[in-house]
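1. Here you go, sequence then predicted model.
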Amino acid sequence: MTKSLSDLCDIHIESLIPWYVTNQLCEDELVKVQHHIDDCADCAKIVEEERKIAIFIQEREANKIPSDWKIFQQQLLNFDLEHPNPMTVQSDSEIKKSPHNIIRFPILRKTKIFISKPKTLGFIITAQAAALFAIILTPDTNVFNNIANEDDQIYNTLSSDQTEPNQNINIVMQFDPSLTIEELNTLLNNNKIKIISGPTSTNAYRVKVPNDITLETLRSHENILIAEPISAE
Amino acid sequence: MSDRAVSPNSAYAEQSEAAFIKRLVDRDMQAFECLYEDYRKKLSYFIANMVNKPQLVEEVFNDTMMVVWQKIGDFAGASKLSTWIFAIAYRKAIRARSKIDEPISNDTYIHSIEDNDTEDTLEKSRLRQILNKAMETLSYEHRAVINLTYYEGLHYRDIAAIMECPIDTVKTRMFHARRQLKKSLGGNIADWL
């Protein structure tokens, strides 16, 4: 049986009813549906049924997702430490979409992204050179004085004990961004904090502190916003 | 009708969406915490209807929010932020489903809110149970369209963007979902009227 033009019109109108019931239609569609159900008892009944179903569905709920913001925040900080500039990292799906992509190894992909942007590369080299000059010319005021010295670095051989007795190196820390360099230096020196790397785009640093300074002590400091140990992968 | 996707109670409702997104792009952890807590509520029902296993729901949610953190700089504003986040959650949930060997059963993760007043009769509870059972008979795509329409209060255009399909497909899925629901509900739907 073939449908008449008016039947086809009804199908179009009926398909809009769920969004008519939830007040999501644009003015034009709203007028069309309203006009139609004023004259069509069948569709008016369908609207009532849909309203009832909508109410019953809105009364359903799921258990709230059990999740811990502190743990998740640490994962975000870890991601930023591993990806200082996340905007340059292509997702796997984006890489698959590219018909010209023949590089199979992630490290090579990232290298390709890097070298394929000569302007970015030039900017980075210039920025690094400028930063190096700044460090050399202003040794007394630079926070990088607190970067761990070469002698302080921990080197482990395969046979050595992996836990260093005096230093707890795996801590991510965020400081009050309003601190001056002098204040930050004082804070670092007073708490024997050594910066290992950073800042990330979230202004987080990987630091090491002596074992006698507890996380609670650090967290209680008004100018330390975050102090979280980095769990071993 | 509730519009959970753009809830006025959102922690960031006081500022414009563009201003809030700018804070996220600038790696404002406080702003992201607001987003995280807000979507912990918003996505719980949607994800649970897709995977309906507590551990997977949590995993899909955290994966979704991690992608939001990683990719917020790529968000061009072509859709609403909520549409973009729901689209990520939808893809993550589909991927999670594909990893499950055994069929997904509807355990107690989804339930109806019971009224405590006297009007919440046994009959109403019975009808709710029938509807819950009827929802279980739907495919996850049909269930997603039903929930995004009735529960989240989204327009069919937003649903098409979330499910990455044409608008007509959304309408067709809705048509079949409604037909299936009414078939499962049988004569009970008349009792409600």
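-> Yep, that arrived.
2. any idea how chain A splits into domains?
-> What automatic domain parsing lists as the domains of chain A is A:5-58, A:85-137, A:144-229.
3. which one of these has the lowest average pLDDT?
-> Ranked on mean pLDDT, the bottom entry among these is domain A:85-137, at a mean of 54.
4. Which stretches in chain A count as strands?
-> A:60-62, A:167-175, A:194-197, A:204-210, A:224-229 (DSSP state E).
5. partners of the shortest one in the sheet?
-> Sheet pairing of strand A:60-62 (DSSP bridges) gives strand B:110-112 (antiparallel).
6. After the strand it pairs with, which helix or strand is next?
-> helix B:122-136 (DSSP states H and E).
7. Which strands or helices does the next helix or strand after that next one pack on?
-> Where DSSP H and E defines the elements, the next helix or strand beyond helix B:122-136 is helix B:140-146. Judged by 3 or more Cβ pairs under 8 Å, 6 or more residues apart in numbering or on different chains; DSSP states H and E, helix B:140-146 is in contact with helix B:29-50, helix B:81-98, helix B:156-163, helix B:167-185. Backbone N, C-alpha and C define where each C-beta goes, glycine included.
8. do the last one and chain A meet?
-> Yep, that's helix B:167-185 we're talking about. Yes: with Cβ under 8 Å from any Cβ of the partner chain as the criterion, chain A is reached by helix B:167-185 at B:171, B:174-175, B:178, B:181-182.
9. Please produce a PyMOL select command covering the buried subset of those.
-> With 16 or more other Cβ atoms under 10 Å in any protein chain shown as the criterion, this PyMOL line picks the buried residues out of those:
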select buried, chain B and resi 171+174+175+178+181
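10. I'd like to know which of the residues of helix B:167-185 next to chain A is nearest to chain A.
-> B:Lys171 (4.5 Å; Cβ to the nearest Cβ).
11. Find the nearest non-adjacent residue to that closest one, please.
-> Closest residue to B:Lys171 apart from its sequence neighbours, by Cβ to Cβ, 6 or more residues apart in numbering or on different chains: A:Ser15 at 4.5 Å.
12. My read is that that neighbour contacts B:Ala177, right?
-> No: with contact defined as Cβ atoms under 8 Å, A:Ser15 does not reach B:Ala177; the gap is 11.9 Å.
13. Buried residues in stretch B:22-42, which are they?
-> B:23-24, B:27, B:29, B:31-36, B:38-42.
14. from those, which has minimum pLDDT?
-> B:Lys41 (84).
15. Isn't it up against A:Glu61?
-> No: applying Cβ under 8 Å as the test, B:Lys41 and A:Glu61 come out as separate, 9.6 Å apart.
16. thinking again about what came up before, among the buried residues of stretch B:22-42, which are within reach of chain A?
-> The subset of the buried residues of stretch B:22-42 within reach of chain A, by Cβ under 8 Å from any Cβ, is B:27, B:29, B:32-33, B:36, B:40-41.
17. can you list these in CSV and add distance to A:Ala54?
-> Listed next are those as CSV, based on distance: Cβ to Cβ, whole Å:
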residue, distance to A:Ala54
B:Arg27, 39
B:Met29, 37
B:Phe32, 32
B:Glu33, 32
B:Tyr36, 29
B:Arg40, 24
B:Lys41, 20
